[in-house]
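> predicted model and sequence below, questions to follow.
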Amino acid sequence: MMLLEEWIRKYGTVKDGDVLKVDSFLNHQMDVSLFDKMAKEWKRLFAGSEINKILTIEASGIGIACIAALEFGCPAVFAKKNKTRNIAGEVYSAKVKSFTHGTTYDVIVSRDFLGPDDKLLIIDDFLANGAALEGLLDIAAQAGAEVTGAGIAIEKVFQHGGDRIRSRGVRVESLARIKAFGPDGSIEFMH
Ligand code: 5GP
């Protein structure tokens, strides 16, 4: 998606540890008009596919997931980072290793909001090593929900999470795919 690439080139900055900062339009301040165009692009890509729920992970996925939900005409559910003790039986849960913080945390979704009738589009801001997406796939599997596909804003292709998840047969559509970061902070896209 050319517009997203343009925004990344204009406003993105590359930090140590292969982290791309896009706080001015995606991760802190949110360019909702850009989100709307991203949602329309996912809608075009997944046209004809059955989707009745969007699943994402807090916090950065929530904004884009809401706009996508509006476009698909369905609810959005986010996996919560669990801070309280798990109440066995009431939630689906998965462990996720955070790329940006290096720690492992639990995410949970209430059994009330996911089940075997659901056909999910998983939405997230970044795909790096794939841990966040794998956690959400794990939760979907526990719920017996079908995963129609995943819509990602920015995939860092060189971290290979996307390869691993696609090799499991999951359709992953990333709107901007980054091949490499240059030593000067430049960003090389893959088309
Ligand atoms: P993964 O689990 O695929 O390794 O990483 C995905 C998660 O880590 C995303 O939900 C995102 O919040 C965060 N993340 C991974 N790489 C980046 C990055 O380069 N920049 C930002 N801002 N977040 C990232």
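Structure's in. What do you need?
> so which strand or helix has the residue of the chain positioned farthest from its centre?
In the chain, residue 184 marks the outermost C-alpha relative to the chain mean, sitting 27.4 Å out by Cα atoms, centre = their mean. Secondary structure assignment for residue 184, by DSSP states H and E: no helix or strand.
> mind pulling up the phi and psi values for it?
When quoted as degrees, to the nearest 10, the phi and psi of residue 184 stand at phi -90, psi 10.
> before we move on, what about residue 123?
When read as degrees, to the nearest 10, the backbone of residue 123 gives phi -120, psi 140.
> how close does it sit to residue 72?
Going from residue 123 to residue 72 by Cβ to Cβ, to the nearest Å gives 10 Å. Bear in mind the C-beta positions are built from the backbone N, C-alpha and C, glycine included.
> what about the helices in this protein?
Ranges of helices in the chain, per DSSP state H, are 2-11, 32-45, 61-72, 131-143, 161-167.
> save these as TSV, and put in mean neighbour count, distance to residue 97 and mean pLDDT too.
What follows is those, written out as TSV (neighbours: other Cβ atoms under 10 Å; distance: least, Cβ to Cβ, whole Å; pLDDT from 0 to 100):
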stretch	mean neighbour count	distance to residue 97	mean pLDDT
helix 2-11	15	24	98
helix 32-45	17	26	98
helix 61-72	21	16	98
helix 131-143	21	5	98
helix 161-167	16	11	98
